[in-house]
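*Asks:* This is the structure alone, sequence omitted:
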């Protein structure tokens, strides 16, 4: 190993990955994914779909998950900065309903591995952010689930600066909370 540094988080399964960046007067080079390196770090997944989105400051996407076809995700920011969040939805987990957040940016080049059965979302902190992620299963539009971003039972501490107006999709304003999710299981 040596090309990536992997930090474990207080919620088992979540990992923050920092790649080795090789720079000189021309710019920089880094590997954003190398199967063997990630496997050695305990991330032994086969990714089948890559996605990328662009969002402006104040956009909050999430907290999303797939119900019957859960996905592992490896997420990163290509330009700009976001606050990225994962919420544990694994049945029987001692950290069920707990959240973890990390700042991902083009500058810090960190990546966040979010395993299956976690809700995921992010808030754009910069003027614009491009967000890229790899998934281990295909997106199934009829399999979407979500949690309300500000559910007090989860208590995500979103770094929303004073005066920032959140921009959300209509569906993201209508999700239920963790208690409703737990009752449905």
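*Replies:* Okay, I see it. As the structure is a prediction and not an experimental result, all values here were calculated from the model.
*Asks:* how about the helices of the protein, start to end?
*Replies:* 35-40, 178-184 (DSSP state H).
*Asks:* Residue 9: which of those helices is closest?
*Replies:* Of all the helices of the chain, helix 35-40 sits nearest to residue 9, with 16.1 Å by Cβ to Cβ. No exception for glycine: its C-beta is placed from N, CA and C like everyone else's.
*Asks:* which parts of that closest one are buried?
*Replies:* Within helix 35-40, the residues scored as buried using 16 or more other Cβ atoms under 10 Å are 37, 38.
*Asks:* Mind listing what's buried along the lowest-mean-pLDDT helix or strand in the chain?
*Replies:* Scoring the helices and strands of the chain by mean pLDDT, DSSP states H and E places helix 178-184 at the bottom, with a mean of 90. By neighbour count with 16+ other Cβ under 10 Å, helix 178-184 contains the buried residues 178, 181.
*Asks:* Turn the helices of the chain into TSV, columns for distance to residue 159.
*Replies:* Formatted as TSV, the helices of the chain follow (distance: least, Cβ to Cβ, whole Å):
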stretch	distance to residue 159
helix 35-40	28
helix 178-184	21
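*Asks:* still on that earlier bit, name the helices or strands packed onto the least confident helix or strand of the chain?
*Replies:* Here helix 178-184 touches no other helix or strand, going by 3 or more Cβ pairs under 8 Å, 6 or more residues apart in numbering; DSSP states H and E.
*Asks:* quick one on the thing from earlier: which of the helices of the chain sits closest to residue 67?
*Replies:* Judging those by Cβ to Cβ, what sits closest to residue 67 is helix 178-184, at 9.3 Å.
*Asks:* Can you tell me what sits against that closest one?
*Replies:* 87, 89, 96, 97, 145, 147, 151, 153, 154 (Cβ atoms under 8 Å, 6 or more residues apart in numbering).
*Asks:* Kindly report the same for stretch 85-95.
*Replies:* Residues from elsewhere that reach stretch 85-95, judged by Cβ under 8 Å, 6+ apart: 10-14, 62-63, 65, 96-101, 112, 114, 117-123, 147, 154, 156, 158, 178, 181, 185.
*Asks:* One more pass at 7 Å, please.
*Replies:* 11-12, 14, 62-63, 65, 96-101, 114, 117-122, 147, 154, 156, 181, 185 (Cβ atoms under 7 Å, 6 or more residues apart in numbering).
*Asks:* got it, and stretch 37-50?
*Replies:* Under the criterion Cβ under 7 Å, 6+ apart, residues 1, 3-4, 6, 15, 72, 74, 113, 132, 134-139 lie in contact with stretch 37-50.
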